[in-house]
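task: produce atomic coordinates for the following.
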Amino acid sequence: MINKSLKTLKCILLTLTIMTLMACSTISYYNQSVMGHLNLMWEKQQIKERFHDPALTDKERKKLRYILDTRSYASRELKLPDNDSYTEIAYINTDYIVWNVNATPEFSLQAVNWCYLIIGCVSYRGYFNKNDAESFARTLDIKGLDTTVTGASAYSTLGWFDDPILSNMLAWKDRSISGLIFHELAHQVVYISDNTSFNEAFAKAVEQIGVLYWLASYDKSQLKKYFTYLERHHSYRLLLRKTKQSLVTLYNSDENDATKRAKKAQIFLVLRNEYQAFKKHWKTNAYDNWFSTELNNARFVSDSTYYSKLPIFFALFVENNGNWNKFYSSVKALGKLDNKQRNKKEITLAREQITLEIIYEKYIKNRL
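Residues are numbered from 1 along each chain as shown. Predicted coordinates for the structure are as follows:
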């Protein structure tokens with residue numbers, strides 16, 4: 001109880017600090033963010049304590065044990081932070097804990113950024129209440145921007161607080177839970193302000209490499225399924241990339257706005273048709289939710305954010321011969337470079353064309 005009270009006090013003090021620094025127009029946004037997080041922190045409990053609940057099913061108990069095993073592995077083998085993050089669970093009654101708003105101009109794939117205290121500028125604006133997110137998105141729609149509101153199953157406080165597992169995750173596949181833990185802990189290792197694509201690609205690299213290491217030691221039978229998933233997802237991303245290239249070509253053309261608007265709609269129609277062929281080939285409906293709402297430029301922000309720089313971090317991992325601590329040091333050093341120097345280094349690393357398969361062959365396969 002003392003520990004919880006101290007963390008609650010920390011949240012309250014952070015709220016007061018923000019409110020003294022921000023103008024009235026932004027106080028309400030920060031207030032909903034901090035209070036939403038505070039409510040979540042208040043609901044969490046130690047996973048180990050859950051084992052004493054007689055109402056706990058065998059399936060839940062097994063899943064919670066898996067989470068603790070994964071969490072221990074993350075610090076022991078992947079050299080991720082050793083703290084209370086993801087050793088606690090918060091029970092929620094929704095599939096998503098946060099709803100993020102992304103936006104772009106009507107004829108551009110360049111994401112709109114929002115800047116905040118502590119974390120700097122990012123390509124999304126998050127809300128704990130879906131209605132608030134949709135209301136904010138409508139204000140951007142009125143300005144002529146392309147917008148989208150998407151649910152997020154987790155978020156990172158970058159080590160400021162001990163982030164919990166959420167109860168909705170208990171229904172996930174085991175490897176998805178492991179990936180999330182590795183991903184979110186990676187944000188606590190390296191985070192540079194004003195570069196969402198750098199931060200998310202680094203965390204995605206730790207997630208994917210980490211899952212391979214984890215499966216090789218914990219459940220080798222899942223490796224083939226994981227590679228199949230990665231291959232399918234890569235194929236899906238190629239579909240999106242092809243569409244993005246068509247949109248960029250259109251937006252850079254000398255066509256008038258009316259023509260661009262009509263051709264843009266046609267490009268999205270082609271994408272929907274190509275997705276149907278993709279579904280038939282892969283026998284999956286895994287991405288139906290992405291296509292369930294209106295397609296626009298903002299729908300592509302997440303893909304660019306998480307994957308555009310992924311090969312850079314694969315190359316850095318190999319450059320450090322699979323040594324996690326040296327890898328993290330190299331990422332930190334890269335993050336400290338000015339934009340010009342960093343871009344130059346990233347271009348050099350990208351030319352290496354290092355893939356997850358190469359990493360598997362060099363550092364993981366011999367463990368089997």
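
so which residues of this structure form helices?
Secondary structure of the chain by DSSP state H: the helices cover 2-21, 24-43, 47-50, 58-76, 130-142, 174-189, 196-218, 223-251, 257-282, 301-307, 310-319, 324-336, 339-350, 356-359.

right, and these - which one's nearest E106?
For E106, the closest of the helices of the chain is helix 257-282, at 7.7 Å, according to C-beta to C-beta. Glycine gets a C-beta too; all of them are placed from N, C-alpha and C.

show me how far the closest one is from its chain's centre.
26 Å (C-alpha atoms, centre = their mean, to the nearest Å).

and what of stretch 202-210?
Relative to where its chain is centred, stretch 202-210 has its mean C-alpha point 10 Å off (C-alpha atoms, centre = their mean).

mind saving the C-alpha coords of it as PDB?
Taking C-alpha atoms only, stretch 202-210 is exported to PDB below (Å, rounded to 0.1, in the frame of the first residue of the first chain):
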ATOM      1  CA  PHE A 202      14.400   0.200 -32.500                       C
ATOM      2  CA  ALA A 203      11.800  -1.200 -30.200                       C
ATOM      3  CA  LYS A 204      10.300  -3.300 -33.000                       C
ATOM      4  CA  ALA A 205      13.800  -4.700 -33.700                       C
ATOM      5  CA  VAL A 206      14.300  -5.700 -30.100                       C
ATOM      6  CA  GLU A 207      10.800  -7.200 -30.200                       C
ATOM      7  CA  GLN A 208      11.400  -9.400 -33.200                       C
ATOM      8  CA  ILE A 209      14.900 -10.400 -32.500                       C
ATOM      9  CA  GLY A 210      14.000 -11.000 -28.800                       C
END
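
want to throw the helices of the chain into a markdown table with mean pLDDT, distance to S123 and mean neighbour count?
Conversion of these to a markdown table gives the following (pLDDT from 0 to 100; distance: least, C-beta to C-beta, whole Å; neighbours: other C-beta atoms under 10 Å):
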| stretch | mean pLDDT | distance to S123 | mean neighbour count |
| --- | --- | --- | --- |
| helix 2-21 | 47 | 21 | 13 |
| helix 24-43 | 76 | 16 | 15 |
| helix 47-50 | 91 | 32 | 14 |
| helix 58-76 | 96 | 26 | 16 |
| helix 130-142 | 96 | 13 | 15 |
| helix 174-189 | 96 | 15 | 22 |
| helix 196-218 | 95 | 5 | 22 |
| helix 223-251 | 96 | 15 | 15 |
| helix 257-282 | 97 | 21 | 13 |
| helix 301-307 | 81 | 6 | 20 |
| helix 310-319 | 97 | 16 | 22 |
| helix 324-336 | 97 | 17 | 17 |
| helix 339-350 | 95 | 16 | 14 |
| helix 356-359 | 96 | 24 | 18 |
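
so which of the ones you listed is nearest N366?
helix 196-218 (9.6 Å).

against which helices or strands is the closest one packed?
Contact analysis of helix 196-218 by 3 or more C-beta pairs under 8 Å, 6 or more residues apart in numbering; DSSP states H and E lists helix 58-76, helix 174-189, helix 223-251, helix 301-307, helix 310-319, helix 356-359 as its packing neighbours.

apply 6 Å and report the result again.
On a contact count with 3 or more C-beta pairs under 6 Å, 6 or more residues apart in numbering; DSSP states H and E, helix 196-218 meets helix 174-189, helix 301-307, helix 310-319.

list of residues touching the longest one?
Yep, that's helix 174-189 we're talking about. Helix 174-189 has contacts (C-beta atoms under 6 Å, 6 or more residues apart in numbering) with 66, 70, 74, 80-81, 86, 154, 156, 158-159, 169, 203, 206-207, 210-211, 214, 226, 328.

check stretch 234-242 too.
Under C-beta under 6 Å, 6+ apart, the answer for stretch 234-242 is 274, 278, 287, 303.

any idea how far the closest residue to the third one other than its chain neighbours lies from L166?
Nearest residue to Y287 in three dimensions, chain neighbours excluded: Y236, at 5.9 Å (C-beta to C-beta, 6 or more residues apart in numbering). Distance check for Y236 against L166: by C-beta to C-beta, to the nearest Å, it reads 25 Å.

buried stuff in stretch 90-109?
Using 16 or more other C-beta atoms under 10 Å as the test for burial, stretch 90-109 gives 90, 92, 96-105, 107, 109.

among those residues, which pair sits farthest apart?
A90 and F107 (41.5 Å).

for T150, find the nearest of the helices of the chain.
Nearest to T150, of the helices of the chain and by C-beta to C-beta, is helix 301-307 at 7.0 Å.
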